[in-house]
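Asker: got a predicted model here, sequence first, then my questions.
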Amino acid sequence: MSELAPLIEDLAFILVLAGIVTIFCKKFNQPLVLGYILAGFFASPHFNLLPNVVDTANITVWSDIGVILFCSAWDLISILPKSKVSAAQR
């Protein structure tokens, strides 16, 4: 259980950072996707926003999970329209 707490704290940090950046993007009429990309960059180990607060190993784990979910969603988006067309042809 003690290994899970730092992961949850880092997830909270990432989500709060994403919320703050998306508020700024809405204020300046920018797309939300840009805000999510900027939040990912700010939370990454390559950009030391808060060097002693976030564990870079945990951020790497969350970024790997995010890439896996993004790729899975992209596959579902590309598959779903084809299945609707094939179901309509039956």
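Answerer: Arrived safely.

Asker: show the contacting residues for the residue nearest to residue 32 when sequence neighbours are not counted.
Answerer: Leaving out its chain neighbours, the residue that sits closest to residue 32 by C-beta to C-beta, 6 or more residues apart in numbering is residue 22, at 5.5 Å. In this view, the C-beta of every residue, glycine as well, is placed from N, C-alpha and C. Counting by C-beta atoms under 8 Å, 6 or more residues apart in numbering, residue 22 makes contact with 32, 35, 36, 39.

Asker: measure the first one to residue 46 for me?
Answerer: Yep, that's residue 32 we're talking about. Counting by C-beta to C-beta, to the nearest Å, the gap from residue 32 to residue 46 is 22 Å.

Asker: neighbour-wise, which of the two wins?
Answerer: Using other C-beta atoms under 10 Å as the criterion, residue 32 and residue 46 rank with residue 32 on top: 12 against 9.

Asker: residues in contact with the more buried one?
Answerer: 22, 25, 26.

Asker: please, which helix or strand holds residue 40?
Answerer: Assessed by DSSP states H and E, residue 40 sits inside helix 32-43.

Asker: what's the burial count for residue 7?
Answerer: Neighbourhood size, residue 7 [other C-beta under 10 Å]: 16.
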